[in-house]
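Novice: need a structure here:
(2 chains)
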Amino acid sequence: MTAEQRINQMESLSDSEIMEKVKDGQVEKLAILFEKHHVKVFNFFLRLTGSHNLSEDLVQNVFVRILKYRSTYEARGKFVVWMFRIARNVHVDYLRKNKNHFDLDDQFEEPEGQDDSPVYAFEQKQDKELIQEALSRLPLKKREALILNRFQDMKYKEIAALFGCKEGTIKANIHRAVKQLGKIYFELQGGVQS
Amino acid sequence: MTCKNIKEKFVEYLTNELSKKEREEIQEHVAECEECRRELEFLTEVWTELGVLKEERPSPQLRTRFYTMLEQYKQAESEKEGRDKGSLFSRLKNLWPKKPVFQFALTLGMLVLGLVIGNVWTVIPQQKAITTALVDEVRSMRQTLAMSLIDRESASERLQGINMSHTMVDPDDKLLDKLLSTLNTDPSVSVRLAAVDALYLFHNHPKVKQGLIDSLSQQSSPMVQASLIDLMVSIRERKAVDALKSLLDSEDINPEIKDRAEQGIQKLSF
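Specialist: Here you go, the predicted structure:
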């Protein structure tokens, strides 16, 4: 297939239609879905785990599973919802397998370079670490729902489909998650709540 | 409306999903009710604070790993169809070079590697010079092997060759030329994308930098164009602005690429 044909497909087909083709054996089309979504899935894992290396491994696992279980895909649902269902499973399986795991590499991970002034960059880094730490202390389900809504632009309806519950439950969950996150965050800051 | 009803809508207030009327209702309520106002202020603050977690980009290796996995999967599938017995052994066999000369090179490489490891293990000072020579030899052998893999017919072997070049600390001009020509002429988009990622590692080399800029005008696949633009932005290569501008002038430019190129120019001119 030429590159031009790939472009046409990328423009005119929905994710679901592309995934149907992958399911029918045109596995190379998964590349289009990878290009479109891998940064999103990576950032989902990054918020969940706080680790770059681990998040990359998990993204790779998600796409391996998409290939492996492609025959179970049903076009009725949205592709993104199905993909994040796999992503959640991949993460949970990782947690199960590595209950006492401590990733040494990540302890030495360098933060991203900043163009801003050193003081500003330092403050930003501190805020980032603090909020990431606070996030990691939220219960998993609340954390997932909050991340999907805040960072992945997922609608309540989609998150509800993903979790298999009602929209209202998701909204209430996110509300509680933000509140709880705020409490943890201000506690970590030294208890100064504005 | 009761406080309970109002609070139920706070999350949608944060995500901006309420109608104008509903927003006004909330604003009117919190102007009167201190408890609700405090809660909404608190939630808004946390919500805003979450914004420090910016979207980040994975390392280029992720893409290479994905395309290697995809190629291997395709190959395994087509083999299964052919023989209906895609055993682990046949997969391993695939990794083994087919031409005797490469088989010999690989075996020799392994042998030398074994010797080097043995040497490093015992660390006898007099042998250090020999070890360095051997390391050089292994390096040049790996480079030769990588280059010969890049010339293969099968895309997954070419990807393997490119992956090998990732691990090289100081590749010579020949390998860099090979990677650049692969980037411009390889028929497979996956291989060209992997070449972008490999060349990213050597972008400080002036030849590579120029080669990457020149390549922008030669690419027809939007995926490759996109990854080249991202690369230019991430290495802050201002010289690429002209190449991006001429890309914008081309008639058949993909709209997504157009946006990305425009953003790229903005970021680089800043």
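Novice: all contacts plus neighbour counts: C-alpha atoms, from now on.
Specialist: OK.
Novice: Give me every residue in chain A lying close to chain B.
Specialist: Residues of chain A lying close to chain B (C-alpha under 8 Å from any C-alpha of the partner chain) are A:3-4, A:6-7, A:27-28, A:31, A:35, A:39, A:42-43, A:47, A:52, A:56, A:60, A:63-64, A:124, A:127-128, A:131-132, A:150, A:171-172, A:174-175, A:178-179, A:181-182, A:194.
Novice: Quick check on these: which are buried?
Specialist: For those, a burial check counting by 16 or more other C-alpha atoms under 10 Å in any protein chain shown picks out A:3, A:6-7, A:27-28, A:31, A:39, A:42-43, A:47, A:52, A:56, A:60, A:63-64, A:124, A:127-128, A:131-132, A:150, A:171-172, A:174-175, A:178-179, A:181-182.
Novice: What about A:Asp24, how many residues nearby?
Specialist: A:Asp24: 11 surrounding residues under other C-alpha atoms under 10 Å in any protein chain shown.
Novice: what helix or strand is A:Ala177 on?
Specialist: helix A:167-188 (DSSP states H and E).
Novice: Low-confidence stretches in chain A?
Specialist: Counting by pLDDT under 70, chain A has low-confidence residues at A:1-12, A:100-125, A:191-194.
Novice: packing partners for the helix holding A:Ala177?
Specialist: helix A:118-136, helix A:140-150, helix A:156-163, helix B:10-14, helix B:34-49 (3 or more C-alpha pairs under 8 Å, 6 or more residues apart in numbering or on different chains; DSSP states H and E).
Novice: Save those helices as TSV, and put in distance to A:His91 too.
Specialist: What follows is the helices and strands packed on helix A:167-188, written out as TSV (distance: least, C-alpha to C-alpha, whole Å):
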stretch	distance to A:His91
helix A:118-136	14
helix A:140-150	10
helix A:156-163	15
helix B:10-14	26
helix B:34-49	24
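Novice: who wins for proximity to B:Tyr67 among those?
Specialist: Comparison of the helices and strands packed on helix A:167-188 against B:Tyr67 by C-alpha to C-alpha identifies helix A:140-150 as nearest, at 26.4 Å.
Novice: picking up where we left off before, let's see the helix holding A:Ala177 as CSV, backbone CA atoms only.
Specialist: Extracted in CSV, the C-alpha atoms of helix A:167-188 (Å, rounded to 0.1, in the frame of the first residue of the first chain):
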residue,chain,number,x,y,z
GLU,A,167,-23.3,8.5,34.3
GLY,A,168,-24.4,9.9,37.6
THR,A,169,-22.2,7.6,39.5
ILE,A,170,-19.2,8.8,37.4
LYS,A,171,-20.0,12.4,38.0
ALA,A,172,-20.3,11.8,41.8
ASN,A,173,-17.0,9.8,41.7
ILE,A,174,-15.2,12.6,39.9
HIS,A,175,-16.6,15.2,42.3
ARG,A,176,-15.4,13.1,45.3
ALA,A,177,-12.1,12.5,43.6
VAL,A,178,-11.3,16.2,43.1
LYS,A,179,-12.3,16.9,46.7
GLN,A,180,-10.2,14.1,48.1
LEU,A,181,-7.3,15.0,45.8
GLY,A,182,-7.4,18.6,47.1
LYS,A,183,-7.3,17.5,50.7
ILE,A,184,-4.3,15.2,50.0
TYR,A,185,-2.6,17.9,48.0
PHE,A,186,-2.9,20.6,50.7
GLU,A,187,-1.8,18.1,53.3
LEU,A,188,1.3,17.4,51.3
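Novice: Contacts for it, please.
Specialist: A:130-131, A:134-135, A:137-138, A:142-143, A:145-146, A:156-157, A:159-160, A:192-193, B:8, B:10-11, B:42-43, B:46-47 (C-alpha atoms under 8 Å, 6 or more residues apart in numbering or on different chains).
Novice: Repeat the analysis, applying 6 Å as the threshold.
Specialist: A:134, A:142, A:146, A:156-157, A:160, A:192-193, B:11, B:46 (C-alpha atoms under 6 Å, 6 or more residues apart in numbering or on different chains).
Novice: just stretch B:107-118 next, same as before
Specialist: By C-alpha under 6 Å, 6+ apart, no residue outside stretch B:107-118 reaches it.
Novice: Going by neighbour count, list what's buried in that stretch.
Specialist: Applying a neighbour-count criterion of 16+ other C-alpha under 10 Å, one finds B:109, B:112-113, B:116 buried in stretch B:107-118.
Novice: In the stretch 101-250 of chain B, what residue lies closest to chain A?
Specialist: Residue nearest to chain A within the stretch 101-250 of chain B: B:Ser221 (4.9 Å; C-alpha to the nearest C-alpha).
Novice: what's the burial count for that residue?
Specialist: Going by other C-alpha under 10 Å, the residues that sit close to B:Ser221 add up to 20.
Novice: Would you mind getting the angle between the helix holding A:Ala177 and helix A:156-163?
Specialist: Angle between the axes of helix A:167-188 and helix A:156-163 is 90 degrees (criterion: axes from the mean of the first three to the mean of the last three C-alpha atoms, to 10 degrees).
Novice: what's the burial count for B:Asn254?
Specialist: For B:Asn254, using other C-alpha under 10 Å, the count is 18.
Novice: Grab the CA positions of the helix or strand in which B:Gln143 is found and hand them over as CSV.
Specialist: Here B:Gln143, judged by DSSP H and E, is contained in helix B:128-150. Taking C-alpha atoms only, helix B:128-150 is exported to CSV below (Å, rounded to 0.1, in the frame of the first residue of the first chain):
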residue,chain,number,x,y,z
LYS,B,128,43.1,-3.5,28.4
ALA,B,129,44.5,-2.5,25.1
ILE,B,130,43.5,-5.7,23.5
THR,B,131,40.0,-5.4,25.0
THR,B,132,39.7,-1.9,23.5
ALA,B,133,40.7,-3.2,20.1
LEU,B,134,38.2,-6.0,20.4
VAL,B,135,35.5,-3.6,21.4
ASP,B,136,36.2,-1.5,18.4
GLU,B,137,36.1,-4.6,16.3
VAL,B,138,32.7,-5.7,17.7
ARG,B,139,31.5,-2.2,17.1
SER,B,140,32.5,-2.1,13.5
MET,B,141,31.1,-5.6,13.0
ARG,B,142,27.8,-4.6,14.5
GLN,B,143,27.7,-1.6,12.2
THR,B,144,28.4,-3.8,9.2
LEU,B,145,25.7,-6.2,10.3
ALA,B,146,23.2,-3.3,10.9
MET,B,147,23.9,-2.0,7.4
SER,B,148,23.5,-5.3,5.7
LEU,B,149,20.2,-5.8,7.6
ILE,B,150,19.0,-2.4,6.4
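Novice: Tell me which residue is most central in chain A.
Specialist: Centrality entry for chain A: nearest residue to the mean C-alpha point is A:Phe44, 1.8 Å, by C-alpha atoms, centre = their mean.
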